[in-house]
Structure formats: C-alpha cells, structure tokens
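Q: What follows is a predicted structure for the sequence shown.
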Amino acid sequence: TKRKYHELIIDGPPLYCNNEQSSSTVSSEVDGQSHRHRNCPPLDASKTALLIVDVQPEYWSECPTVRHDFPNFPSHISSLIQNCRTQNIQRIIWVRADYSYEHSPWLHQFARLHEGKIPPIVRPSSKWEEFATPLDGEMIITKTSWSSTSGGTGLLDTLKQDGIDTVLVCGLITSVCVQHSAFGVFEAGYRTILVTDACADRGRERHEAALALYGDYMYELRSVESLRLELEEQQQRVVVVESDSVIEKKKKKEMMMENENEGAGSDSEEVMPSSIRKVSVALPSHKDGGGNNVGHRDKKMMIKSESNDSLTSATSVSSIEDHGVTVARACAEE
C-alpha cells in the first residue's frame, strides 16, 4: 500500500547535483520504509549529543491522545537513552516545557485558537516518567517556547563548548516541540538526526506528516535500532584503529631496540666496561735512549674509576699520549 503523505516526500532525481560522488551512504529502516542517507560521516560518540524534548507527564501519562497511537514509545525511548549511555556519547540533555502567560508571549494566541482543548499553561513538576528519568550529571534545561534553542535556554552555547557536531533529537510532540527544536539545531549548523520511533504526537497522522515534510530534507531519519547498530559499528571501528595504532607503535619500538642492539654489537670492541669508563691514569714517565719521554704500554697498573671511586687492575692500556695520561681504551683483568 502507498504510504500516507508519500507525495510530500522528495523522491527521484536530486533537486541539485554538483557532480560529486557521495562520500558514504547509510541505509536505515524507519517506520517500515528503507532510507538511504548520502554523504553521512560516521557518528562520533565523543561529538554527539542526545536531545530529549518534553518527555514529561503533561505530554505522556496525562495525555491519552498521545498514548493511544504510540504504545511502544516508552520502550523505544528508554532503549535509545540506554544505548547512548552505553556508548558514552558526549552529552545527554533533557528539555522541559515551562509555559505561562508571563514569559510565553505566544500563549495568548495559542489559547484562543484551541479554546481550551489543549491546556495552554504548563508548569512542570518534579516528576519524571519512569521510563525516562535523568541521571546525575545529565543536563536539564527548561524552555518557554516550542524550540529548545530559543528564549535563553543556553543549549547552543553548551553544544559549542562541548565540541558537539551531531545532535540526536527525540521526545514529544513530534510535529510541535520536537520539530521546532530540530529546526533550531539544524539552523545553528549542527548535523541533526531525528529518531522517529522515539517520538510521538497527538495522532499517528500528524507524526507521519511532520516526518514526510522534513525527514531527509532538514534532518536525517533513524530508528532506535538502526542508530544502535550505527553507534556500535563506529565504536568497533574506533577499537580496531586504536588496536592497529598500538601494534604499530610496538613494532616501531621493537625496530628501534633492534637497531640499537645491532649498533652496540658492532662497536662492542670499542666500548669500555661500565666499571672503568671515564677513568684517568697516572703513569710514570720513561725516557728512551734519545732522552725523550714516552708512554708506558703493556704494564700492569691500577686504574681509578670516577664513577664508583674504586681501583681496577688492568694489564693493557692503548692510545696513551706521549706526554699525558689520557686513556682511550682499557681492558680489565679478569
């Protein structure tokens, strides 16, 4: 059967072609449909943030119209959050709606349009849904509008400070606050990925219409499962690269040690024993038949080591200056 809102999805030849080949393509299964995402850099957990929008009682446990069409939402978003924690993504950010006439100027018109069908004022309590509760250290921000990036939330500053380049977006309500938050992140220049089955709306059709309009146009679409596989595959690639790097460093170290050992072997005859290095020898002068001073060779003598201040008996000394006492080589007596 033809998918609803299929006519809204851009399909067929690209709207623009710069004759460049795609660097990579990622395939994912979303809502029973296969999606191919071109020019997708691999996800880097250290540069990725998860944005959880308005998962609070006002929009789930107290909102039967949302629960009716999305019975699997709790398990899906719970799995997504756990996957992100397991993969140690850089930041998990929880966003809560806080709407009042005092600091939400748009609320007057919204209340007039809906005539009480949707409660305009939202005052978040300290309660969280059992399937989606922040841990210590995870960031919590409140917003006074539909977008998580407007109204002084500080979200964009946090993303910049953390070195984030990719934001995963999920939560409630797909066509309203999730969509506006995704747009705000996209507009700020971040790679934006909407996790479709970790979102819900006031009716399945509204949810699908929003995804059909902007999915793979403004943001990429992923399911919880496809995202899990993508994160795990990237983590495995990182482990392999790190392992290869360790092996390469080990090989280089072994080669350096081999080269040092070979060098030491070729020069072994020229290297003095450590116990008699840096020695000075005083030899009595001796005159030859012509009355000239010459050094003594092959005479047994005591050599003083400067390193340990001990005396070593030696039987041969070579390269002794005619008028000096410098020893270039000495052989210790066994």
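A: Arrived safely, thanks for sending. Numbers count the residues shown, from 1 in each chain.

Q: Every contact and neighbour count from this point should use C-alpha atoms.
A: OK.

Q: quick one: the strands in the stretch 51-200 of the chain?
A: 91-97, 139-143, 166-172, 191-200 (DSSP state E, counting those that start in this stretch).

Q: Can you dump the C-alpha atoms of stretch 103-113 in PDB for me?
A: Once non-C-alpha atoms are left out, stretch 103-113 reads as follows in PDB (Å, rounded to 0.1, in the frame of the first residue of the first chain):
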ATOM      1  CA  HIS A 103       7.100  34.600  29.900                       C
ATOM      2  CA  SER A 104       5.500  32.900  26.900                       C
ATOM      3  CA  PRO A 105       4.000  35.700  24.700                       C
ATOM      4  CA  TRP A 106       2.700  33.200  22.100                       C
ATOM      5  CA  LEU A 107       0.400  31.600  24.600                       C
ATOM      6  CA  HIS A 108      -2.400  34.100  24.300                       C
ATOM      7  CA  GLN A 109      -3.000  33.300  20.600                       C
ATOM      8  CA  PHE A 110      -2.500  29.500  21.200                       C
ATOM      9  CA  ALA A 111      -5.200  29.500  23.900                       C
ATOM     10  CA  ARG A 112      -7.600  31.400  21.600                       C
ATOM     11  CA  LEU A 113      -7.000  29.000  18.700                       C
END
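
Q: quick revisit: want to try JSON lines for the strands of the stretch 51-200 of the chain, with mean neighbour count as columns?
A: Below are those laid out as JSON lines (neighbours: other CA atoms under 10 Å):
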{"stretch": "strand 91-97", "mean neighbour count": "22"}
{"stretch": "strand 139-143", "mean neighbour count": "17"}
{"stretch": "strand 166-172", "mean neighbour count": "25"}
{"stretch": "strand 191-200", "mean neighbour count": "25"}
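
Q: Let's have those in JSON lines, adding distance to residue 106 and mean pLDDT.
A: Formatted as JSON lines, the entries for these read as follows, by distance: least, CA to CA, whole Å; pLDDT from 0 to 100:
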{"stretch": "strand 91-97", "distance to residue 106": "14", "mean pLDDT": "97"}
{"stretch": "strand 139-143", "distance to residue 106": "13", "mean pLDDT": "96"}
{"stretch": "strand 166-172", "distance to residue 106": "19", "mean pLDDT": "98"}
{"stretch": "strand 191-200", "distance to residue 106": "23", "mean pLDDT": "98"}
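
Q: closest one to residue 225 among the ones you listed?
A: When the strands of the stretch 51-200 of the chain are compared for distance to residue 225 using CA to CA, the nearest one is strand 191-200, at 9.3 Å.

Q: okay, the angle between the helix or strand following the closest one and strand 191-200?
A: Once the chain leaves strand 191-200, the next helix or strand it forms, by DSSP states H and E, is helix 204-214. An angle of 170 degrees separates the directions of helix 204-214 and strand 191-200 when computed by axes from the mean of the first three to the mean of the last three CA atoms, to 10 degrees.

Q: what residue ranges in the stretch 101-250 of the chain score low on pLDDT?
A: Low-confidence segments of the stretch 101-250 of the chain, defined by pLDDT under 70: 238-247.

Q: where along it do the helices fall?
A: Per DSSP state H, counting those that start in this stretch, the stretch 101-250 of the chain has helices spanning 107-114, 155-161, 179-187, 204-214, 224-266. These are given in chain order.

Q: Just the buried residues of the fourth one, please?
A: Within helix 204-214, the residues that qualify as buried by neighbour count (16 or more other CA atoms under 10 Å) are 206, 207, 208, 209, 210, 211, 212, 213, 214.

Q: which one of the helices of the stretch 101-250 of the chain is the most hemmed in?
A: The highest mean neighbour count among the helices of the stretch 101-250 of the chain, using mean count of other CA atoms under 10 Å, belongs to helix 179-187: a mean of 21.

Q: so it versus strand 166-172, what angle?
A: 170 degrees.

Q: tilt between helix 179-187 and strand 91-97?
A: When the same axes, to 10 degrees is applied, the directions of helix 179-187 and strand 91-97 differ by 140 degrees.

Q: So which residues make contact with helix 179-187?
A: 53, 146-150, 156, 167, 169, 173, 191-192, 194, 210, 218-219 (CA atoms under 8 Å, 6 or more residues apart in numbering).

Q: could you redo the last one with a cut-off of 10 Å?
A: Contacts of helix 179-187 with the rest of the structure, by CA atoms under 10 Å, 6 or more residues apart in numbering, involve 51-53, 95, 145-150, 155-156, 159, 166-174, 177-178, 188-194, 207, 210-211, 214, 218-219.

Q: Could I get the contacting residues of residue 177?
A: When contacts are counted by CA under 10 Å, 6+ apart, residue 177 touches 53, 54, 97, 145, 146, 147, 148, 170, 171, 183.

Q: okay, how far is it across stretch 169-182, tip to tip?
A: According to CA to CA, to the nearest Å, stretch 169-182 extends 6 Å from its N-terminal end residue to its C-terminal end residue.

Q: Same question for stretch 44-58.
A: Between the opening and closing residues of stretch 44-58 lies a distance of 33 Å (CA to CA).

Q: hang on, the earlier thing: right, so of the helices of the stretch 101-250 of the chain, which gets closest to residue 73?
A: Nearest to residue 73 among the helices of the stretch 101-250 of the chain is helix 224-266; the distance by CA to CA comes to 10.7 Å.
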